[in-house]
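> Can you look at this prediction? I've put the sequence above it.
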Amino acid sequence: MMISGGPGTLATLLLLFGWSLASGCPSGCICASDLLSCTRAALTEAPEDLPITTVTLDLSHNSISLLYGNWLSAAPHLHVLCLNHNDIKWLPLRTFHNASKLRHLDLSSNQLQRIHGQLFQQLLSLEELLLYNNNIAHVEETTFTRLGNIRKIYLSWNNLSTFSFSSVHNLTHPDLRTLDLSSNKFTELPVDEMSALPAYIKNGLYLHHNPLTCSCALYALLSQWRQRGFTSVLAFSREHTCLYMGRARAVVRILESQNGLDNCSIGLGQELVDPGVKVLVGRRLTVTCNTSLPQENTTYLWISPAYNFIFPPGTSNHSFRIHPNGSLEIHKAQPWHSGVYLCIAVNRRLSHNATHEVNITVHYPRHDVEPFNTGLTTLLGCVVSLVLVFIYLYMTPCRCCCSKPPQTPSPPQESSAQSSILCGTPPVCEGPNSRRVGAGRHVVFLEPIKEGRAEKTPEFLQLRSDSASSVFSDFPILQT
């Protein structure tokens, strides 16, 4: 805000300056309740007198080149400290000794060249550490060992060529989710040491944009991480490159096909197969934490495939339970419980910890194939029965007598009627005076004829005899 010149201008500035001193807000900074912002204030050194209520301190985009020891003692409640975009080249060992409640520390975009092992030892509550875009060439092995609550460490865009992965493996409380080592100077990686890392660290270990030398061990490592679905590989699949025979111009994308590393998969694929433990849906499963640590004075922690922590005694919904010996019990296994579980055992007395991975597969029951299907048997029986019926009706051999019909036809006998009903074959010969019945009729129902009635009505019998003989002329007559 511009203040016009005049007699009151100087008085106004003096009033603002006096208010600033009275409230404890450093000159050139903005104080708002628990926030102190000194960004872009052209500072060459950090302010000495900090308000005791400061929780967030922003000193970014200045020209600060040096920080003094114990300079944060006046701000015991500090949670967020931003020192990015300054000219800091080195830090005294006691720089952060009075910041035990600090959770977020941003030292990115400075001129740091080395990180001493004791620099962050007092930051027991630190969760995020930003060190990217510096000139860091060396990080001592003990730098992160006491960061019990650290979740994210950003070391990308530096000059690192080596790194102690065992230092993050032995964290007191394994909350680390992101370790960004991308865009550095790594030419080789300790594959064996990295393979021993817990799955939750592998998932967030970023190594892309490094001048790595192509090797089968590197190809096998990254292929395994891709197979396991780690975000660090899947999110930057094309950015994982290596130099063929170390030549800068021969850049190969490691995870793409036809990259010259395909032959490396021969003989290495067996190492990627982990059958693990299988359980049916709805069943109870208990898996042990196989570590070399004694159960006495050892605490256990499990991490699910979704990278959720399972603390003793288990989850609130009782789906998971951790026994005193460290074994994990799944009450009722469900398909979404499948995946790789990580057990972390920590023995404080021995100052040692160990990890164990278990691959759990939850599947539905598989019914064995019946030796002979009952439904198929029933269908086959019906088909066979129909075939036999048709054979019986249409293909049964019957005898037919080819002879001239008698001039005085007699009524059909009972045996001939029965024969006509049982035999369904078409006639082979027909008499000259016989009449054919419709081809569709195969069964004839005859009214029984009595002898007494035949004497009284000879003409009727003659008619019935003719029609009967014409009907039964298609069938053989058995005489007794």
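Yep, it's here.

> for the stretch 251-400 of the chain, what spans make up the helices?
Shown for the stretch 251-400 of the chain, the helices assigned by DSSP state H, counting those that start in this stretch span residues 374-394.

> Output the below-cut-off pLDDT ranges for it.
Scanning the stretch 251-400 of the chain with the threshold set as pLDDT under 70 gives 257-263, 265-275, 292, 350-352, 367-376, 395-400.

> Tell me who's in contact with the closest residue to Pro365 other than its chain neighbours.
In this structure, Pro365 finds its nearest non-sequential neighbour in Leu280, 5.6 Å apart by Cβ to Cβ, 6 or more residues apart in numbering. Where you see a C-beta, it was placed from the backbone N, CA and C, and this is true even at glycine. Leu280 is in contact with Ala333, Val362, His363, Tyr364, Pro365, counting by Cβ atoms under 8 Å, 6 or more residues apart in numbering.

> quick one: the third one and Gly282 touch, right?
In this case it means His363. No. Between His363 and Gly282 there is no contact, the gap being 11.2 Å when judged by Cβ atoms under 8 Å.

> follow-up on the earlier one: tell me which two in the contacts of Leu280 are the farthest apart.
Ala333 and Pro365 (12.2 Å; Cβ to Cβ).

> hey, what's in contact with both of these two?
Common contact partners of Ala333 and Pro365 (Cβ under 8 Å, 6+ apart): Leu280, Val281.

> hang on, the earlier thing: dump the contacts of Leu280 into a markdown table; add neighbour count and distance to Ser108 as well.
Below are these laid out as a markdown table (neighbours: other Cβ atoms under 10 Å; distance: Cβ to Cβ, whole Å):
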| residue | neighbour count | distance to Ser108 |
| --- | --- | --- |
| Ala333 | 21 | 44 |
| Val362 | 21 | 43 |
| His363 | 12 | 47 |
| Tyr364 | 9 | 50 |
| Pro365 | 8 | 54 |
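
> Can you lay out those residues as CSV showing distance to Ala99?
As requested, the contacts of Leu280 are exported to CSV (distance: Cβ to Cβ, whole Å):
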residue, distance to Ala99
Ala333, 45
Val362, 46
His363, 51
Tyr364, 54
Pro365, 57
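
> So which of those residues are in strands?
Val362, His363 (DSSP state E).

> quick one: which of the contacts of Leu280 is nearest Pro305?
Nearest to Pro305 among the contacts of Leu280, with distances taken as Cβ to Cβ, is Val362, at 11.0 Å.

> Contact partners for the closest one?
Applying Cβ under 8 Å, 6+ apart to Val362 gives the contacts Lys278, Val279, Leu280, Val281, Ala333, Gln334, Pro335, His337, Ser338.

> Relative to Asp34, which of the residues you listed is nearest.
Within these, the smallest distance to Asp34 is 43.3 Å, found for His337 (Cβ to Cβ).

> Skipping its backbone neighbours, what lies nearest that closest one in space?
Leaving aside its chain neighbours, His337 sits nearest to Val362 (5.3 Å; criterion: Cβ to Cβ, 6+ apart).

> measure the one you found to Leu280 for me?
8 Å (Cβ to Cβ, to the nearest Å).

> Tell me which two of the contacts of Val362 sit farthest apart.
Using Cβ to Cβ, the contacts of Val362 span at most 14.0 Å, a distance reached by Lys278 and Gln334.

> all strands of the stretch 301-450 of the chain, in order?
Per DSSP state E, counting those that start in this stretch, the stretch 301-450 of the chain carries strands over the ranges 309-310, 320-322, 328-330, 339-347, 352-363.

> Can I get those in TSV including distance to Ile30?
Putting those into TSV (distance: least, Cβ to Cβ, whole Å) gives the following:
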stretch	distance to Ile30
strand 309-310	39
strand 320-322	48
strand 328-330	51
strand 339-347	44
strand 352-363	45
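
> for those strands, which one sits closest to Val251?
Taking the strands of the stretch 301-450 of the chain one by one with Cβ to Cβ, strand 339-347 is closest: 32.0 Å.

> Strand partners (parallel or antiparallel) of that closest one?
Using DSSP bridges, the strands paired with strand 339-347 in its sheet are strand 298-303 (antiparallel), strand 352-363 (antiparallel).

> which parts of the last one are buried?
This points to strand 352-363. Asn353, Ala354, Thr355, His356, Val358, Asn359, Ile360, Val362 (16 or more other Cβ atoms under 10 Å).

> With Leu72 as the reference, measure out to the first one.
It stands for Asn353. Using Cβ to Cβ, we find Asn353 at a distance of 31 Å from Leu72.

> do the same with the fifth one
With the distance defined as Cβ to Cβ, Val358 ends up 44 Å from Leu72.

> Which among the strands paired with strand 339-347 is found nearest to Asn135?
Nearest of these (Cβ to Cβ): strand 352-363, 33.1 Å.

> could you dump the closest one to CSV, C-alpha only?
Coordinates of each C-alpha in strand 352-363 appear next as CSV, following Å, rounded to 0.1, in the frame of the first residue of the first chain:
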residue,chain,number,x,y,z
HIS,A,352,17.4,-54.5,16.3
ASN,A,353,14.5,-55.1,14.1
ALA,A,354,13.5,-57.5,11.3
THR,A,355,10.8,-57.9,8.7
HIS,A,356,8.9,-60.8,7.1
GLU,A,357,6.7,-60.8,4.0
VAL,A,358,3.7,-63.1,3.5
ASN,A,359,1.8,-63.3,0.2
ILE,A,360,-1.9,-64.2,1.0
THR,A,361,-4.3,-65.3,-1.7
VAL,A,362,-8.0,-65.6,-0.9
HIS,A,363,-10.0,-67.6,-3.4
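
> sorry, back to before: what's the closest of the buried residues of strand 352-363 to Glu141?
Asn353 (16.0 Å).

> who does that closest one bridge with?
The partner residues for Asn353, given DSSP bridges, come to Val346.

> Wait, it touches Asn347, no?
Yes. Between Asn353 and Asn347 there is a contact at 6.8 Å, judged by Cβ under 8 Å.

> Between those two, which contacts overlap?
Leu293.

> quick one, what contacts the spatially closest residue to Gln118 that is not a sequence neighbour?
Leaving aside its sequence neighbours, Gln118 sits nearest to Leu93 (Cβ to Cβ, 6+ apart; 5.3 Å). The contact partners of Leu93, by Cβ under 8 Å, 6+ apart, come to Gly69, His116, Gln118, Leu119.

> now Leu93: how far from Ala32?
Distance from Leu93 to Ala32, by Cβ to Cβ: 32 Å.

> do Cys289 as well
49 Å.

> which one of the two has more residues nearby?
Cys289 (25 against 9; other Cβ atoms under 10 Å).

> Report the contact partners of that one.
Taking Cβ under 8 Å, 6+ apart as the criterion, Cys289 is in contact with Tyr300, Trp302, Asn325, Gly326, Ser327, Leu328, Cys343, Ala345, His356.

> Please apply the same query to Gly282.
Gly282 is in contact with Lys332, Ala333, Gln334, counting by Cβ under 8 Å, 6+ apart.

> again, 6 Å this time
Residues near Gly282 by Cβ atoms under 6 Å, 6 or more residues apart in numbering: Lys332.
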